[in-house]
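Novice: Pasting the sequence and the predicted coordinates here, then a few questions.
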Amino acid sequence: MPDPLAPLFEALESVNNELTTVAARLARLEDSGSVRGGRRQGSGDGGGEGDRVPGSPVVWHRIEDEEVRAALWAEFVAWVIRMADTYELTTEQLPHACWWEHGAVVAELTALWTGWESAYTNQEDAAASPYLWHDAWSRAVERIGRMWLGECTNGYHQVKSRTTWGTDPARRKKILEAGPPGSGGGAQKPKDM
């Protein structure tokens, strides 16, 4: 006599397989940054103010909505000022007069900001995150003062003397035509040792 519950178990197994597939797809989307915390991100650029998950990356030049950019910038500046006061930063560490005029400094501080949000708002993994954030903070503050500021530590902004890479289309074309190393397009192939 056939088992009367066999069709039910087959149907349940089929549903289970579909749920497993959906869960795997959702995990891939979360890993890619398309979905975080069950909420859809904007376009991977920090999203809108209402849908940005604290700790998600902010790429300033990709935020197209001026209102969103202005709101995020205000939040970011308030955080930088609070951290500078909390950690008693000196002008040699972060120039009061011009830190926002240095793109690399803004990038470092933005990474620290989103890392801080992640460390202090993530309820799932808060164990070592604050400690690791403080380690990153100390290394970044040292790097900012040493690498990015130039002469600005004297209390006023001085533009660094350098060549801007992105202003010469002929140079960009030449580099692209050369191709990556080993492609035979002109870049030197590393010699075997």
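Specialist: Looks like it arrived, so ask away. Residues are numbered from 1 along each chain as shown.
Novice: When you work out contacts or count neighbours from here on, use the C-alpha atoms and nothing else.
Specialist: Will do.
Novice: next helix or strand past the helix or strand bottoming out on mean pLDDT in the chain?
Specialist: Counting by mean pLDDT, DSSP states H and E, the weakest-scoring helix or strand in the chain turns out to be strand 39-40, with a mean of 32. The first helix or strand that comes after strand 39-40 along the chain, using DSSP states H and E, is helix 66-86.
Novice: Buried ones in that following helix, by neighbour count?
Specialist: Using 16 or more other Cα atoms under 10 Å as the test for burial, helix 66-86 gives 68-69, 72, 76-77, 79-80, 84.
Novice: Adding pLDDT and distance to residue 168, write the residues you listed out as TSV.
Specialist: Below are these laid out as TSV (pLDDT from 0 to 100; distance: Cα to Cα, whole Å):
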residue	pLDDT	distance to residue 168
68	91	32
69	91	29
72	93	32
76	94	32
77	95	33
79	94	36
80	94	34
84	93	37
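Novice: Return the closest of these with respect to residue 53.
Specialist: residue 72 (12.1 Å; Cα to Cα).
Novice: distance of that closest one from residue 101?
Specialist: Relative to residue 101, residue 72 is positioned 17 Å away (Cα to Cα, to the nearest Å).
Novice: And residue 13, by the same measure?
Specialist: Taking Cα to Cα, one finds residue 13 at 59 Å from residue 101.
Novice: Same question for residue 174.
Specialist: 30 Å.
Novice: Help me confirm that residue 110 comes into contact with residue 56.
Specialist: No. Counting by Cα atoms under 8 Å, residue 56 is not a contact partner of residue 110; they are 10.7 Å apart.
Novice: Show the pLDDT at residue 180.
Specialist: pLDDT for residue 180: 83.
Novice: How about residue 184?
Specialist: Reading off the confidence values, residue 184 has pLDDT 67.
Novice: Could you list the low-confidence segments of this structure?
Specialist: Residue ranges of the chain with pLDDT under 70: 22-51, 124-126, 148-164, 184-193.
Novice: What ranges does it have for its strands?
Specialist: Remark: strands assigned in the chain by DSSP state E are 35-36, 39-40.
Novice: List the buried residues in stretch 134-143.
Specialist: For stretch 134-143, burial by neighbour count (16+ other Cα under 10 Å) applies to 137, 140-141.
Novice: Check stretch 7-20 too.
Specialist: Judged by neighbour count using 16+ other Cα under 10 Å, stretch 7-20 contains no buried positions.
Novice: Using PDB, list the CA coordinates for that stretch.
Specialist: What follows is stretch 7-20, C-alpha atoms only, in PDB (Å, rounded to 0.1, in the frame of the first residue of the first chain):
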ATOM      1  CA  PRO A   7       2.700  13.600  -2.200                       C
ATOM      2  CA  LEU A   8       2.600  16.000   0.800                       C
ATOM      3  CA  PHE A   9       6.300  15.300   1.600                       C
ATOM      4  CA  GLU A  10       7.300  15.700  -2.100                       C
ATOM      5  CA  ALA A  11       5.500  19.100  -2.200                       C
ATOM      6  CA  LEU A  12       7.200  20.200   1.000                       C
ATOM      7  CA  GLU A  13      10.600  19.100  -0.400                       C
ATOM      8  CA  SER A  14       9.900  21.200  -3.500                       C
ATOM      9  CA  VAL A  15       9.000  24.200  -1.400                       C
ATOM     10  CA  ASN A  16      12.100  23.800   0.700                       C
ATOM     11  CA  ASN A  17      14.300  23.700  -2.400                       C
ATOM     12  CA  GLU A  18      12.700  26.900  -3.700                       C
ATOM     13  CA  LEU A  19      13.200  28.600  -0.400                       C
ATOM     14  CA  THR A  20      16.900  27.500  -0.300                       C
END
